[in-house]
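Colleague: structure here, sequence nowhere to be found:
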(Lines give C-alpha, C1' and ligand atoms only; values in the text may rest on other atoms or scores of the structure.)
Protein backbone atom coordinates (compact mmCIF):
# COMPACT_ATOMS: atom_id res chain seq x y z
CA UNK A 1 0.00 0.00 0.00
CA UNK A 2 1.36 3.44 -0.90
CA UNK A 3 1.52 6.39 1.44
CA UNK A 4 -0.98 8.31 -0.66
CA UNK A 5 -3.44 5.43 -0.46
CA UNK A 6 -3.08 5.33 3.34
CA UNK A 7 -3.74 9.05 3.64
CA UNK A 8 -6.81 8.97 1.40
CA UNK A 9 -8.21 6.03 3.37
CA UNK A 10 -7.70 7.92 6.64
CA UNK A 11 -9.47 10.96 5.23
CA UNK A 12 -12.37 8.68 4.26
CA UNK A 13 -12.41 7.17 7.78
CA UNK A 14 -11.25 3.76 6.69
CA UNK A 15 -8.45 1.72 8.17
CA UNK A 16 -5.32 1.02 6.14
CA UNK A 17 -2.44 -1.25 7.19
CA UNK A 18 -1.20 1.43 9.60
CA UNK A 19 -1.77 5.02 10.62
CA UNK A 20 -0.33 7.37 7.99
CA UNK A 21 2.38 9.76 9.14
CA UNK A 22 4.30 12.88 8.33
CA UNK A 23 6.34 15.52 10.18
CA UNK A 24 6.97 19.25 10.05
CA UNK A 25 10.55 20.44 10.65
CA UNK A 26 11.70 24.00 11.21
CA UNK A 27 14.10 25.27 8.57
CA UNK A 28 16.66 26.46 11.11
CA UNK A 29 19.34 24.77 13.16
CA UNK A 30 17.55 21.45 13.50
CA UNK A 31 17.35 21.15 9.72
CA UNK A 32 21.14 21.53 9.65
CA UNK A 33 21.36 18.64 12.11
CA UNK A 34 18.93 16.55 10.08
CA UNK A 35 20.89 17.05 6.86
CA UNK A 36 24.20 16.36 8.60
CA UNK A 37 22.87 13.09 9.97
CA UNK A 38 20.81 11.77 7.06
CA UNK A 39 22.36 13.50 4.07
CA UNK A 40 19.20 15.37 3.09
CA UNK A 41 15.74 16.22 4.38
CA UNK A 42 14.29 13.85 1.79
CA UNK A 43 16.37 11.00 3.24
CA UNK A 44 15.05 11.86 6.71
CA UNK A 45 11.48 11.62 5.42
CA UNK A 46 12.34 8.24 3.93
CA UNK A 47 13.78 7.12 7.28
CA UNK A 48 10.50 8.02 8.99
CA UNK A 49 8.55 6.33 6.17
CA UNK A 50 6.27 9.36 5.74
CA UNK A 51 3.08 9.11 3.72
CA UNK A 52 2.40 12.74 2.84
CA UNK A 53 4.21 15.99 2.15
CA UNK A 54 3.09 19.54 2.77
CA UNK A 55 4.16 22.37 0.48
CA UNK A 56 4.47 25.82 2.09
CA UNK A 57 4.45 28.54 -0.58
CA UNK A 58 3.47 32.09 0.37
CA UNK A 59 0.10 33.82 0.30
CA UNK A 60 -0.97 37.19 -1.10
CA UNK A 61 1.66 39.89 -0.76
CA UNK A 62 1.51 43.60 -1.49
CA UNK A 63 3.12 45.32 -4.43
CA UNK A 64 4.96 48.62 -4.21
CA UNK A 65 2.32 51.31 -3.89
CA UNK A 66 2.56 54.72 -5.52
CA UNK A 67 0.62 56.40 -2.73
CA UNK A 68 -1.38 59.58 -3.23
CA UNK A 69 -2.77 61.72 -0.41
CA UNK A 70 -1.77 62.21 3.21
CA UNK A 71 -2.83 58.82 4.54
CA UNK A 72 -1.34 56.94 1.65
CA UNK A 73 1.87 58.93 1.82
CA UNK A 74 2.19 57.98 5.47
CA UNK A 75 1.70 54.35 4.53
CA UNK A 76 4.35 54.62 1.83
CA UNK A 77 6.73 56.20 4.31
CA UNK A 78 6.25 53.29 6.69
CA UNK A 79 6.84 50.86 3.88
CA UNK A 80 4.75 47.77 3.25
CA UNK A 81 6.20 45.68 6.02
CA UNK A 82 4.12 43.09 7.82
CA UNK A 83 1.11 44.59 9.57
CA UNK A 84 1.95 48.14 8.46
CA UNK A 85 -1.36 49.24 6.93
CA UNK A 86 -4.58 50.61 8.33
CA UNK A 87 -7.82 48.88 7.36
CA UNK A 88 -8.65 51.64 4.86
CA UNK A 89 -5.22 51.38 3.23
CA UNK A 90 -5.50 47.59 3.11
CA UNK A 91 -8.73 47.89 1.14
CA UNK A 92 -6.88 49.83 -1.59
CA UNK A 93 -3.30 48.57 -1.83
CA UNK A 94 -2.76 46.20 -4.77
CA UNK A 95 -1.94 42.57 -4.07
CA UNK A 96 0.63 40.56 -5.95
CA UNK A 97 -0.64 38.66 -8.99
CA UNK A 98 -1.92 35.21 -7.90
CA UNK A 99 -1.14 33.89 -11.38
CA UNK A 100 2.61 34.49 -10.95
CA UNK A 101 4.24 31.23 -11.98
CA UNK A 102 6.97 31.33 -9.32
CA UNK A 103 4.33 30.89 -6.59
CA UNK A 104 3.57 27.41 -7.90
CA UNK A 105 7.08 26.15 -8.56
CA UNK A 106 7.48 24.56 -5.07
CA UNK A 107 4.03 22.97 -5.38
CA UNK A 108 4.80 21.48 -8.78
CA UNK A 109 8.15 20.25 -7.47
CA UNK A 110 6.41 18.61 -4.50
CA UNK A 111 3.89 16.90 -6.77
CA UNK A 112 6.62 15.66 -9.11
CA UNK A 113 8.99 14.41 -6.40
CA UNK A 114 6.76 13.33 -3.51
CA UNK A 115 3.51 12.33 -5.18
CA UNK A 116 4.68 10.98 -8.52
CA UNK A 117 8.10 9.81 -7.33
CA UNK A 118 7.42 8.68 -3.74
CA UNK A 119 3.65 7.98 -3.87
CA UNK A 120 2.94 10.44 -1.06
CA UNK A 121 -0.18 12.56 -0.73
CA UNK A 122 0.36 16.28 -1.32
CA UNK A 123 -1.04 18.96 0.95
CA UNK A 124 -0.68 22.62 0.12
CA UNK A 125 -0.62 25.43 2.68
CA UNK A 126 -3.37 27.86 1.72
CA UNK A 127 -4.14 31.38 3.01
CA UNK A 128 -6.93 31.74 5.56
CA UNK A 129 -8.71 35.05 5.97
CA UNK A 130 -7.85 35.94 9.60
CA UNK A 131 -4.20 34.86 9.50
CA UNK A 132 -3.56 36.56 6.16
CA UNK A 133 -5.06 39.84 7.35
CA UNK A 134 -2.73 39.76 10.36
CA UNK A 135 0.15 40.01 7.91
CA UNK A 136 -1.39 43.06 6.27
CA UNK A 137 -2.81 45.16 9.11
CA UNK A 138 -1.39 43.37 12.17
CA UNK A 139 -3.20 41.25 14.73
CA UNK A 140 -3.83 44.01 17.28
CA UNK A 141 -5.37 46.30 14.67
CA UNK A 142 -7.40 43.48 13.16
CA UNK A 143 -8.87 42.48 16.54
CA UNK A 144 -9.76 46.12 17.20
CA UNK A 145 -11.35 46.55 13.77
CA UNK A 146 -13.33 43.31 14.14
CA UNK A 147 -15.14 45.09 16.98
CA UNK A 148 -15.23 48.64 15.58
CA UNK A 149 -15.52 48.19 11.79
CA UNK A 150 -16.48 44.56 11.10
CA UNK A 151 -17.86 45.39 7.65
CA UNK A 152 -14.46 46.70 6.55
CA UNK A 153 -12.72 43.62 7.92
CA UNK A 154 -15.17 41.44 6.02
CA UNK A 155 -14.42 43.44 2.87
CA UNK A 156 -10.70 42.83 3.36
CA UNK A 157 -11.32 39.11 3.79
CA UNK A 158 -13.17 39.03 0.49
CA UNK A 159 -10.37 40.91 -1.25
CA UNK A 160 -7.98 38.26 0.00
CA UNK A 161 -10.39 35.51 -0.99
CA UNK A 162 -10.33 36.70 -4.60
CA UNK A 163 -6.56 36.07 -4.60
CA UNK A 164 -6.91 32.74 -2.84
CA UNK A 165 -9.51 31.36 -5.24
CA UNK A 166 -7.07 31.73 -8.13
CA UNK A 167 -4.41 30.05 -5.99
CA UNK A 168 -6.72 27.15 -5.11
CA UNK A 169 -7.66 26.60 -8.76
CA UNK A 170 -4.02 26.39 -9.79
CA UNK A 171 -3.04 24.10 -6.93
CA UNK A 172 -5.88 21.69 -7.68
CA UNK A 173 -4.92 21.74 -11.37
CA UNK A 174 -1.38 20.72 -10.39
CA UNK A 175 -2.80 17.65 -8.66
CA UNK A 176 -2.62 18.39 -4.92
CA UNK A 177 -4.70 16.04 -2.78
CA UNK A 178 -5.58 18.33 0.14
CA UNK A 179 -6.06 22.09 0.38
CA UNK A 180 -4.86 22.97 3.89
CA UNK A 181 -6.10 26.39 5.01
CA UNK A 182 -3.82 28.08 7.56
CA UNK A 183 -5.85 30.31 9.86
CA UNK A 184 -4.57 30.48 13.45
CA UNK A 185 -7.57 31.14 15.67
CA UNK A 186 -6.34 30.30 19.14
CA UNK A 187 -4.14 31.25 22.06
CA UNK A 188 -3.39 29.19 25.16
CA UNK A 189 -6.65 28.06 26.74
CA UNK A 190 -8.88 30.37 24.73
CA UNK A 191 -9.52 31.70 21.26
CA UNK A 192 -7.99 34.97 20.07
CA UNK A 193 -11.52 36.37 19.84
CA UNK A 194 -14.93 35.23 20.96
CA UNK A 195 -16.86 32.46 19.17
CA UNK A 196 -19.52 35.10 18.48
CA UNK A 197 -16.96 37.28 16.68
CA UNK A 198 -15.79 34.24 14.73
CA UNK A 199 -19.33 33.51 13.58
CA UNK A 200 -20.10 37.12 12.71
CA UNK A 201 -16.88 38.24 11.03
CA UNK A 202 -14.61 35.33 10.14
CA UNK A 203 -16.97 32.47 9.38
CA UNK A 204 -18.72 33.91 6.28
CA UNK A 205 -15.48 34.32 4.29
CA UNK A 206 -13.99 31.08 5.59
CA UNK A 207 -17.21 29.25 4.68
CA UNK A 208 -16.98 30.63 1.16
CA UNK A 209 -13.38 29.45 0.88
CA UNK A 210 -14.36 25.99 2.15
CA UNK A 211 -17.22 25.73 -0.33
CA UNK A 212 -14.93 26.80 -3.16
CA UNK A 213 -12.48 24.00 -2.37
CA UNK A 214 -15.25 21.43 -1.98
CA UNK A 215 -16.68 22.37 -5.37
CA UNK A 216 -13.32 21.50 -6.93
CA UNK A 217 -13.20 18.01 -5.48
CA UNK A 218 -10.21 18.35 -3.16
CA UNK A 219 -10.10 17.31 0.47
CA UNK A 220 -10.23 20.25 2.86
CA UNK A 221 -8.12 20.71 5.97
CA UNK A 222 -7.43 23.57 8.37
CA UNK A 223 -4.47 24.45 10.57
CA UNK A 224 -5.00 26.46 13.72
CA UNK A 225 -2.51 26.82 16.52
CA UNK A 226 -3.82 27.23 20.05
CA UNK A 227 -7.26 26.54 21.50
CA UNK A 228 -10.21 26.57 19.10
CA UNK A 229 -12.47 23.89 20.58
CA UNK A 230 -15.37 26.37 20.77
CA UNK A 231 -15.69 26.41 16.97
CA UNK A 232 -14.68 22.88 15.93
CA UNK A 233 -18.35 22.08 15.32
CA UNK A 234 -18.68 25.17 13.11
CA UNK A 235 -15.65 24.11 11.06
CA UNK A 236 -17.01 20.60 10.59
CA UNK A 237 -20.33 22.02 9.40
CA UNK A 238 -18.43 24.29 6.98
CA UNK A 239 -16.91 21.24 5.28
CA UNK A 240 -13.48 20.92 6.87
CA UNK A 241 -12.90 17.17 7.07
CA UNK A 242 -9.43 17.38 8.66
CA UNK A 243 -7.87 19.65 11.28
CA UNK A 244 -4.34 20.23 12.60
CA UNK A 245 -2.95 20.11 15.23
CA UNK A 246 -5.36 20.02 18.23
CA UNK A 247 -2.57 21.38 20.41
CA UNK A 248 -3.05 19.75 23.80
CA UNK A 249 -0.51 22.08 25.44
CA UNK A 250 -2.94 24.92 24.58
CA UNK A 251 -5.97 23.16 26.08
CA UNK A 252 -7.25 20.88 23.31
CA UNK A 253 -8.14 17.22 23.96
CA UNK A 254 -7.32 14.92 21.05
CA UNK A 255 -9.09 11.74 22.28
CA UNK A 256 -12.05 13.91 23.26
CA UNK A 257 -12.24 15.30 19.73
CA UNK A 258 -12.21 11.73 18.42
CA UNK A 259 -15.12 10.79 20.66
CA UNK A 260 -17.17 13.81 19.58
CA UNK A 261 -16.38 13.98 15.87
CA UNK A 262 -14.72 10.67 15.01
CA UNK A 263 -16.91 9.80 12.04
CA UNK A 264 -16.79 13.27 10.51
CA UNK A 265 -13.32 14.62 11.21
CA UNK A 266 -9.79 13.38 10.56
CA UNK A 267 -7.30 14.32 13.28
CA UNK A 268 -3.95 15.54 11.96
CA UNK A 269 -1.33 15.71 14.71
CA UNK A 270 -0.61 13.81 17.91
CA UNK A 271 2.98 14.72 18.86
CA UNK A 272 3.16 17.96 20.86
CA UNK A 273 6.32 19.90 20.02
CA UNK A 274 5.77 22.59 22.64
CA UNK A 275 5.90 20.43 25.77
CA UNK A 276 6.17 16.69 25.12
CA UNK A 277 8.89 16.34 22.48
CA UNK A 278 11.32 19.00 23.81
CA UNK A 279 11.00 17.61 27.35
CA UNK A 280 13.46 14.85 26.45
CA UNK A 281 11.36 12.57 28.68
CA UNK A 282 10.77 9.36 26.75
CA UNK A 283 8.30 8.08 29.30
CA UNK A 284 6.23 11.19 28.64
CA UNK A 285 6.51 10.70 24.88
CA UNK A 286 5.49 7.06 25.23
CA UNK A 287 2.56 7.88 27.54
CA UNK A 288 1.26 10.54 25.14
CA UNK A 289 1.38 8.23 22.14
CA UNK A 290 -0.16 5.32 24.03
CA UNK A 291 -3.00 7.61 25.13
CA UNK A 292 -3.62 9.21 21.73
CA UNK A 293 -2.83 6.76 18.93
CA UNK A 294 -4.88 3.67 19.93
CA UNK A 295 -7.89 5.81 20.89
CA UNK A 296 -7.84 7.86 17.70
CA UNK A 297 -6.87 5.32 15.04
CA UNK A 298 -10.07 3.25 15.31
CA UNK A 299 -12.03 3.42 12.09
CA UNK A 300 -9.37 5.51 10.41
CA UNK A 301 -9.39 9.27 10.69
CA UNK A 302 -5.91 9.77 12.17
CA UNK A 303 -2.88 11.28 10.43
CA UNK A 304 0.07 11.30 12.82
CA UNK A 305 2.25 14.40 12.76
CA UNK A 306 4.07 16.87 14.96
CA UNK A 307 1.79 19.58 16.33
CA UNK A 308 3.87 22.16 14.46
CA UNK A 309 7.43 22.35 13.19
CA UNK A 310 10.01 20.46 15.24
CA UNK A 311 12.42 23.09 16.55
CA UNK A 312 16.03 23.14 17.68
CA UNK A 313 15.10 22.39 21.30
CA UNK A 314 14.10 18.87 20.23
CA UNK A 315 16.33 15.83 19.86
CA UNK A 316 16.40 13.96 16.57
CA UNK A 317 16.82 10.75 18.58
CA UNK A 318 13.59 11.52 20.44
CA UNK A 319 11.83 12.09 17.12
CA UNK A 320 13.03 8.68 15.94
CA UNK A 321 11.90 7.17 19.24
CA UNK A 322 8.38 8.59 18.78
CA UNK A 323 8.09 7.28 15.23
CA UNK A 324 9.44 3.87 16.25
CA UNK A 325 6.66 3.75 18.86
CA UNK A 326 4.20 4.66 16.14
CA UNK A 327 5.34 1.60 14.16
CA UNK A 328 3.87 -0.52 16.96
CA UNK A 329 0.95 1.58 18.13
CA UNK A 330 -0.27 2.58 14.69
CA UNK A 331 -0.74 -0.89 13.19
CA UNK A 332 -4.25 -2.08 12.34
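Modeller: It's in. Worth saying up front: this structure is predicted, and the values here are computed from it rather than measured.
Colleague: residue 289 is in contact with residue 269, correct?
Modeller: No - taking C-beta atoms under 8 Å as the contact criterion, residue 269 and residue 289 are not neighbours in contact, 11.9 Å apart. Where you see a C-beta, it was placed from the backbone N, CA and C, and this is true even at glycine.
Colleague: so which of the two has more stuff around it?
Modeller: With other C-beta atoms under 10 Å as the criterion, residue 269 and residue 289 differ in neighbour count, and residue 269 comes out ahead with 26 against 22.
Colleague: how about the more buried one, secondary structure?
Modeller: Per DSSP: H, G, I helix; E, B strand; the rest coil, the local secondary structure of residue 269 is strand.
Colleague: what about the closest residue to it other than its chain neighbours, how many residues nearby?
Modeller: Excluding its sequence neighbours, the residue lying closest to residue 269 (C-beta to C-beta, 6 or more residues apart in numbering) is residue 245, at 3.5 Å. When counting by other C-beta under 10 Å, one arrives at 26 neighbours for residue 245.
Colleague: host element of residue 124?
Modeller: Counting by DSSP states H and E, the element that carries residue 124 is strand 121-127.
Colleague: how near is the residue nearest to residue 133 when sequence neighbours are not counted to residue 287?
Modeller: Taking C-beta to C-beta, 6+ apart, and ignoring the residues beside it in sequence, residue 133 has residue 142 as its nearest neighbour in space, at 5.2 Å. Taken as C-beta to C-beta, to the nearest Å, the spacing of residue 142 relative to residue 287 amounts to 39 Å.
Colleague: of those two, who's got more company?
Modeller: Taking other C-beta under 10 Å, residue 142 and residue 287 do not tie; residue 142 has more neighbours (23 against 12).
Colleague: which helix or strand in the chain has the lowest average pLDDT?
Modeller: Least confident element among the helices and strands of the chain, by mean pLDDT, DSSP states H and E: helix 70-78 (a mean of 40).
Colleague: other SSEs contacting the very next helix or strand once past that helix?
Modeller: Moving toward the C-terminus from helix 70-78, the first helix or strand encountered (DSSP H and E) is helix 87-90. Contact analysis of helix 87-90 by 3 or more C-beta pairs under 8 Å, 6 or more residues apart in numbering; DSSP states H and E lists helix 70-78, helix 129-137, helix 150-174 as its packing neighbours.
Colleague: quick one: buried residues of helix 87-90?
Modeller: 87, 89, 90 (16 or more other C-beta atoms under 10 Å).
Colleague: quick one: contacts for the last one?
Modeller: Contacts here follow C-beta atoms under 8 Å, 6 or more residues apart in numbering; on that basis residue 90 touches 133, 136, 137, 156, 159.
Colleague: and the two most separated of those residues?
Modeller: Of all pairs drawn from the contacts of residue 90, the greatest distance, 11.7 Å, lies between 137 and 159 (C-beta to C-beta).
Colleague: more neighbours: those two, which one.
Modeller: Residue environment comparison for residue 137 versus residue 159 gives the larger neighbour count to residue 137, 24 against 21, counting by other C-beta under 10 Å.
Colleague: run a quick neighbour tally on residue 19.
Modeller: Counted by other C-beta under 10 Å, the residues lying close to residue 19 total 25.
Colleague: what's the burial count for the closest residue to it other than its chain neighbours?
Modeller: In space, not counting the residues next to it along the chain, residue 19 is nearest to residue 330; the distance is 3.5 Å by C-beta to C-beta, 6+ apart. Residue 330 is surrounded by 21 other residues when neighbours are defined as other C-beta under 10 Å.
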